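# Pasting a predicted model and its sequence here:
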Amino acid sequence: MPRDEFSLINEYFAHRSAKRGDVAMGIGDDGAVVRPIPEHDLVIVTDTLVEGVHFDKTTPPRSVGHKSVAVNLSDLAAMGAQPCWVSLALTLPQIDEDWLKEFSSGLDEICSYYDCQLIGGDTTKGPLTITITAHGQLPEGTAIPRSGAKAGDWIYVSGSLGDAGLGLQVTQDKVSTTGRHLQQVIERLHYPTPRVALGQSLRGVASSCIDVSDGLLADLGHLMKEAGAAAQLELEKLPLSLALTETLNVDDALALALTAGDDYELCFTLPEEHRGRMETLTSHLKTRPVCIGRVANGGHGDIQLRYHGDEWSLADGYQSFNHFSHSDMSQEES
Ligand SMILES: [Mg+2]
């Protein structure tokens, strides 16, 4: 859509997002020019949402705009970075102004909330695809790695798991739930909250961190593999919402909390000596991280599950979200 490209970008994106003083040149030039804080590292993340893979035609466009930014800010949060700038590559099958209006509103709202400026992008014609690159900053050398967990560290998650997964099952008519729970789980699916403030609080405190995009077992598995360690989880400690526990039996609720993606909570490990500090640093947050287990020696990503002291295993048929099982795209989530 070459002819309309610029008017589209101008109409829906150029004048909307937050304005930051550190953007010397933004949308409208060949490249954006930004001024990073001295003695800070830049953290750069990219994530793509594809219609038919990550969302479908029934997903509200406002949610697609929100979520395309949220998943990137969640990756920045997992690194401990403060979000600053985003760019957008938007592929559209046709120009649908109603869709664009809602999409850009969703994108703008979350960018404004986190003081993140849209600084550039590109628009092309093709199957509906949204790629966002987000840039964040943190003091030099303070990024939280995936690889730092040590035996004896405690394992935490930042909030309830499985809600977005339940929301997905509800939208697919696989499960039904009551009205008050319905809204909550659909919100969590469509409007995830990146744990931006928490991520920054964890710098210099957490030994490793990841955001739960593909399911707790898969993502915690990454942390343990990187560390050459194993995890022991006490499932009765998993934070589960009432929406989950009042809709599903306990085994299904636990299975969803362990395997469903899209919750965008942070999962992190914490040495014993930093426990008090973490409690203090996170005392002002609306949702406090919950300790769900401990890192053990040996193993390469093994995760042992116990429920009230007894061994517990996933029923057949549950597996974490895996792009390769859903599509032929060869991409790895970061
Ligand atoms: Mg991630």
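Arrived safely, thanks for sending.
# Which pLDDT value goes with Met1?
As predicted, Met1 sits at a pLDDT of 52.
# Thr123 now?
pLDDT at Thr123 comes out at 88.
# Next: Thr287.
In this model, Thr287 carries a pLDDT of 78.
# That one - how many residues pack around it?
Thr287: 15 surrounding residues under other Cβ atoms under 10 Å. All C-beta spots, glycine's among them, are computed from the backbone N, C-alpha and C.
# Leaving out sequence neighbours, find the closest residue to it.
Gly159 (4.5 Å; Cβ to Cβ, 6 or more residues apart in numbering).
# in the stretch 101-250 of the chain, which spans are helices?
In the stretch 101-250 of the chain, the segments counted as helices under DSSP state H, counting those that start in this stretch are 163-171, 179-190, 196-201, 216-227, 242-245, 250-259.
# The following helix or strand past the last one versus helix 216-227: what angle between them?
What that stands for is helix 250-259. Next along the chain after helix 250-259, taking DSSP states H and E as the criterion, comes strand 266-270. On the basis of axes from the mean of the first three to the mean of the last three Cα atoms, to 10 degrees, strand 266-270 is oriented at 40 degrees to helix 216-227.
# In terms of secondary structure, what does strand 266-270 contact?
strand 154-157, strand 208-211, helix 216-227 (3 or more Cβ pairs under 8 Å, 6 or more residues apart in numbering; DSSP states H and E).
# Any chance of these in JSON lines with mean pLDDT, mean neighbour count and distance to Arg188 as columns?
Listed next are the helices and strands packed on strand 266-270 as JSON lines, based on pLDDT from 0 to 100; neighbours: other Cβ atoms under 10 Å; distance: least, Cβ to Cβ, whole Å:
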{"stretch": "strand 154-157", "mean pLDDT": "98", "mean neighbour count": "24", "distance to Arg188": "14"}
{"stretch": "strand 208-211", "mean pLDDT": "98", "mean neighbour count": "27", "distance to Arg188": "14"}
{"stretch": "helix 216-227", "mean pLDDT": "96", "mean neighbour count": "22", "distance to Arg188": "15"}
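# interface residues of the stretch 51-200 of the chain facing the ion?
Residues of the stretch 51-200 of the chain lying close to the ion by Cβ under 5 Å from the ion are Asp75.
# picking up where we left off before, phi, psi of the residue nearest to Thr287?
phi -180, psi -170 (degrees, to the nearest 10).
# Before I go, just wanted to say thanks for your time.
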